[in-house]
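Undergrad: Starting from these lines, generate the structure:
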Amino acid sequence: MASDPAERLRALKAFDDTKAGVKGLVDAGVTTVPSIFHHPPESLLLDACPPHHHQQHFTIPVIDLAAGDRAGLVAQVKAAAETVGFFQVVNHGVPQSAMSDMLACVRRFHESPAEAKGPYYTRDPGRRVQYQSNFDLFQSPAANWRDTLFMETAPAPEVVPPECRAVAPEYARLVRELGRALLELLSEALGLDPRFLEQECLDGLTVAGHYYPACPEPRLTMGTTRHSDPSFLTVLLQDAVGGVQVLVDRLDEDGNKQPAAWVDVPAVPGALMVNVGDYLQLVSNDRFRSIEHRVVASGAGPRVSVACFLRTDTSTKVLTPMITDGHGEARYKSTTVAELVKHNQSVNGQSCCLDQQSRTTSQTYNG
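TA: Purely as a prediction, here's the structure:
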């Protein structure tokens with residue numbers, strides 16, 4: 001990392017002004033990772049991979065949405081949301097052709113000439129379609145080895161890049177339908193009317209098409225740093241390269257709690273990955289867990305993924321924790337999405353909304 005803040009800012013501006021992203025660096029033939037992408041050594045040490053034996057004993061649940069009865073599905077989704085906060089779904093109603101086409105169109109966009117992508121490169125939050133490298137490039141301690149195409153809820157067709165225009169709207173519609181089905185299962189898991197979370201949550205969807213070029217020095221940087229999602233649910237489509245890791249609790253052989261460990265989430269053919277977001281953890285009053293995760297940089301690639309964030313479309317939406325078991329107390333203050341996002345952005349180098357700022361005064365934060 002550049003030690004001189006002014007020098008670092010100049011390097012960031014020079015990189016951003018190219019409007020070519022990390023892909024542009026790779027196309028230029030870089031053989032070393034520029035210093036603006038170097039993560040602090042102590043961060044890389046903290047993020048060391050877990051022992052191999054733990055990898056063998058932990059798996060992210062895979063849930064077949066077409067198998068078993070309704071009660072069984074609710075029980076499986078509830079268990080996953082309450083424990084690890086992550087699960088993968090198969091037989092989810094999104095055709096393989098739609099998933100393949102979506103990955104392909106995102107890849108085509110990112111691999112198109114810089115002059116074709118340039119008009120979409122922006123940091124204007126008012127734009128419904130934004131292409132950029134690192135949304136927090138000028139705020140984060142270190143940049144990530146990743147470029148992204150963001151598409152907010154239902155942008156006008158003419159503002160969507162041609163590579164995605166015939167594919168992205170239909171894929172987003174299919175994911176919304178899946179999101180509706182998942183929110184019904186989660187509502188039932190909370191003992192609520194099946195439509196409750198849909199009415200509370202499903203009025204916005206953001207599509208993020210990520211592109212992670214092969215990295216010449218993957219141990220110096222990250223694809224995506226550790227974070228939790230400012231959403232209700234996130235539905236992730238990834239290619240076979242993989243790279244997602246989840247921070248999970250672990251126990252030793254005697255059942256004693258050990259430091260949390262990073263666990264790989266392998267790509268399952270035909271599956272979509274689902275994780276609980278910060279908003280749903282708040283609304284569920286900690287029944288469901290929004291877990292930190294990350295993407296490691298890799299010498300293999302490119303890696304392509306598409307994250308769909310189910311979120312509210314209004315920043316004035318008030319999120320209120322639900323007391324669903326007839327007793328107990330709220331573990332969070334009611335707060336607006338805008339307040340959570342503002343606080344999230346103010347936490348240097350972090351991306352987790354749910355800390356002591358959003359807890360009630362009687363609660364402590366356990367991380």
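Undergrad: Beyond the lowest-mean-pLDDT helix or strand in the chain, next helix or strand please.
TA: Taking mean pLDDT, DSSP states H and E as the measure, the chain has helix 52-57 as its least confident helix or strand, at a mean of 47. Using DSSP states H and E, the helix or strand that follows helix 52-57 in sequence is strand 62-64.
Undergrad: Just the buried residues of that following strand, please?
TA: residue 63 (16 or more other Cβ atoms under 10 Å). From N, CA and C alone the C-beta is placed, and that goes for glycine too.
Undergrad: now stretch 291-304
TA: For stretch 291-304, using 16+ other Cβ under 10 Å, the buried residues are 291-298, 301-304.
Undergrad: and of those residues, the nearest to residue 8?
TA: Distance to residue 8, by Cβ to Cβ, is smallest for residue 297 among the buried residues of stretch 291-304, at 19.6 Å.
Undergrad: I figured the closest one was touching residue 213, is that so?
TA: No: using Cβ atoms under 8 Å, residue 297 is not in contact with residue 213; the gap is 9.5 Å.
Undergrad: tell me, what's touching the two both at once?
TA: Jointly contacting residue 297 and residue 213 under the rule Cβ atoms under 8 Å, 6 or more residues apart in numbering are residue 145.
Undergrad: coming back round to it: just give me the least confident of the buried residues of stretch 291-304.
TA: When these are compared by pLDDT, residue 301 scores lowest at 87.
Undergrad: State the distance from the nearest residue to residue 231 once chain neighbours are set aside to residue 28.
TA: With Cβ to Cβ, 6 or more residues apart in numbering as the criterion, residue 231 has its nearest non-adjacent residue at 3.5 Å, and that residue is residue 277. Residue 277 sits 36 Å away from residue 28, going by Cβ to Cβ, to the nearest Å.
Undergrad: now the end-to-end length of stretch 113-130.
TA: 17 Å (Cα to Cα, to the nearest Å).
Undergrad: for it, which positions count as buried?
TA: So for stretch 113-130, counting by 16+ other Cβ under 10 Å, buried means 117, 120-121, 129-130.
Undergrad: what's next to that stretch, contact-wise?
TA: Residues outside stretch 113-130 that contact it (Cβ under 8 Å, 6+ apart) are 16, 18-21, 24, 27, 109-110, 131-132, 135, 149-153, 155-156, 159-161.
Undergrad: Repeat the analysis, applying 10 Å as the threshold.
TA: Identification of contacts with stretch 113-130 by Cβ atoms under 10 Å, 6 or more residues apart in numbering yields 16-21, 23-24, 27, 109-111, 131-135, 137-138, 147-156, 159-164, 168, 206-208.
Undergrad: Now, those residues that are in helices?
TA: 16-17, 21, 23-24, 27, 109-110, 162-164, 168 (DSSP state H).
Undergrad: hmm, back to that, okay but the residue nearest to residue 231 is in contact with residue 206, surely?
TA: No: here residue 277 does not reach residue 206: they are 11.4 Å apart, not a contact under Cβ atoms under 10 Å.
Undergrad: out of the two, which sits in the busier spot?
TA: residue 277 (24 against 19; other Cβ atoms under 10 Å).
Undergrad: pLDDT weak spots in the stretch 1-150 of the chain?
TA: Counting by pLDDT under 70, the stretch 1-150 of the chain contains low-confidence ranges at 1-3, 42-58.
Undergrad: where exactly do the strands run in it?
TA: 62-64, 86-90, 129-132, 147-151 (DSSP state E, counting those that start in this stretch).
Undergrad: Kindly reformat those as CSV and extend each row with distance to residue 7.
TA: Shown next, in CSV, are those (distance: least, Cβ to Cβ, whole Å):
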stretch, distance to residue 7
strand 62-64, 47
strand 86-90, 39
strand 129-132, 22
strand 147-151, 23
